[in-house]
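Chemist: sequence and predicted structure are below.
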Amino acid sequence: MPAILRPRALRPGDLVVVAAPSGQLEPGEEPLLARGVAILERMGFRVRVSPRVDPARSRWWAAGTPAEQAEELNALLRDPEVRAVVAHTGGQATIGYLDLIDVDAIRADPKPIIGYSDISLLHMALHSRTGLVGFHADIATHGFGSDWYTLGDKARRAELVDLYTRVLTKAEAPGALPPGEVWETWRPGSAEGRLFGGLLNRLVLLQATPFAPAPELFDGAVLFWEELQRPVSRIWNDLHTLRLSGVLDRIAGMVVGIPMEVTAHESGGQRADLRDVVLDVLGDRDLPVLAQVDFGHTSPNLPLPLGVRARVDADNRTLSLLEPAVAEG
């Protein structure tokens, strides 16, 4: 299992590139992208949009072929002027080019890669292979440019701009993450461990590849996950996959994001919601479970850096980052 590889802390004026490592920009989304770029500029960075973030460039459900998308990402990883890569959106494409990524470029010059949803597959795979601290955080078009406005008010945007700026530019522990809504205790207790996780179905997908996390990566970890557009029966199956692979016996705690369009089971007078299936699969494992935390597809996302030590306190409904996510350059 590789050692933790922290990116160099960003500095004011550093170049951040908005790229298309998964889905394409849809026609009519240009204003959302522009608003997302403005948020990144508000954090103090110079921003460039990659040529592949273009409605005219697409292949099926992706912004290009796997080779084209890997070529774009590798060029950004190798360019010393580029200090961070922000996904403009998620999608369905990162699995297609994991084996084409220049991991030596990551080891030589680690940079923050920022995004969630399908991008979480990228974070988990690269962390497993290189130890890179990936940033499960908002995307440019539908996150910074949309959810930060439709699901958050001006005060929350200001709070998140400050938080993201500190996480990306300060080689110091960010401390407690600020909740936007009331978080829930699904199982009491507290634990400390390294953060690992992302979109649940992508974690399960990754388990069948050479980029699967080593089992010991989960030892004492705080597993975080979110899900969308799934019935709880599918989530129950995915969680059992993690149980059978030994993940649930290794982790120290669990953090569940805000679900989007996750449907409860109702049949024959029986009902099971997301909380029910999570606790059912966990059984008698003594793990704190903090839920409805501000990350996922229906919330402005708190930044969750993979590999960084965190403390989850389900009793007091807090989640704190105990280590810096970046290193002094």
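Modeler: Received the coordinates, thanks. Numbering: from 1, shown residues only.
Chemist: what's downstream of the longest strand anywhere in the chain, the next helix or strand?
Modeler: With secondary structure taken from DSSP state E, the chain has its longest strand at strand 190-199. Reading on from strand 190-199 to the C-terminus, the next helix or strand found by DSSP states H and E is helix 200-206.
Chemist: elements contacting that next one?
Modeler: helix 119-130, strand 222-226, helix 232-244 (3 or more CB pairs under 8 Å, 6 or more residues apart in numbering; DSSP states H and E). Using the backbone N, CA and C atoms, a C-beta is placed for each residue, glycine as well.
Chemist: residues in contact with that helix?
Modeler: With contacts defined as CB atoms under 8 Å, 6 or more residues apart in numbering, helix 200-206 is touched by 95, 118, 120-121, 124-125, 128, 197, 212-213, 225-227, 230, 234-235, 238-239, 241-242.
Chemist: repeat the analysis, applying 7 Å as the threshold.
Modeler: With contacts defined as CB atoms under 7 Å, 6 or more residues apart in numbering, helix 200-206 is touched by 95, 118, 120-121, 124-125, 197, 212, 225-227, 235, 238, 241.
Chemist: again, but for stretch 239-255
Modeler: 191, 193, 204, 207, 215, 218-224, 277-278, 281-282, 285, 287-290, 293, 312, 319.
Chemist: F196 contacts D219, correct?
Modeler: No: between F196 and D219 there is no contact under CB atoms under 7 Å: 10.5 Å.
Chemist: so for the two, which residue has more residues nearby?
Modeler: When F196 and D219 are compared for neighbours, F196 comes out ahead with 27 against 14, by other CB atoms under 10 Å.
Chemist: just to revisit the earlier point, now render the contacts of helix 200-206 as a markdown table, adding pLDDT, distance to M254 and neighbour count.
Modeler: A markdown table is the format used below for those (pLDDT from 0 to 100; distance: CB to CB, whole Å; neighbours: other CB atoms under 10 Å):
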| residue | pLDDT | distance to M254 | neighbour count |
| --- | --- | --- | --- |
| I95 | 97 | 24 | 18 |
| D118 | 98 | 22 | 25 |
| S120 | 98 | 16 | 27 |
| L121 | 98 | 19 | 26 |
| M124 | 98 | 16 | 26 |
| A125 | 98 | 21 | 25 |
| G197 | 98 | 9 | 25 |
| A212 | 95 | 19 | 16 |
| W225 | 98 | 8 | 26 |
| E226 | 98 | 12 | 26 |
| E227 | 98 | 13 | 24 |
| I235 | 98 | 13 | 20 |
| D238 | 98 | 13 | 21 |
| T241 | 97 | 15 | 17 |
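Chemist: span of stretch 47-67 from start to end?
Modeler: In stretch 47-67, first residue to last residue: 24 Å (CA to CA, to the nearest Å).
Chemist: buried stuff in that stretch?
Modeler: Neighbour-count burial for stretch 47-67, counted by 16 or more other CB atoms under 10 Å, picks out 47, 49-50, 52-53, 57-58, 62-64, 66.
Chemist: cool, and stretch 74-82?
Modeler: Judged by neighbour count using 16+ other CB under 10 Å, the buried positions of stretch 74-82 are 74, 76-77, 82.
Chemist: and the longest strand of the chain, which strands flank it?
Modeler: strand 222-226 (parallel), strand 309-313 (antiparallel) (DSSP bridges).
Chemist: quick one: closest of those to T298.
Modeler: Nearest to T298 among the strands paired with strand 190-199 is strand 222-226 (9.0 Å), distances taken as CB to CB.
Chemist: what's that closest one in contact with?
Modeler: 191, 193-200, 203, 251-259, 295-297, 304, 310, 312.
Chemist: pull out the buried members of those.
Modeler: By 16+ other CB under 10 Å, the contacts of strand 222-226 give 191, 193-200, 203, 251-259, 295-297, 304, 310, 312 as buried.
Chemist: how far is the longest strand of the chain from where the chain is centred?
Modeler: 12 Å (CA atoms, centre = their mean, to the nearest Å).
Chemist: same deal with stretch 247-264?
Modeler: 14 Å.
Chemist: residues contacting M124?
Modeler: By CB under 7 Å, 6+ apart, the neighbours of M124 are 198, 203, 206, 213, 306.
Chemist: wait, V17
Modeler: Neighbours of V17 in contact, by CB under 7 Å, 6+ apart: 48, 50, 76, 82, 85.
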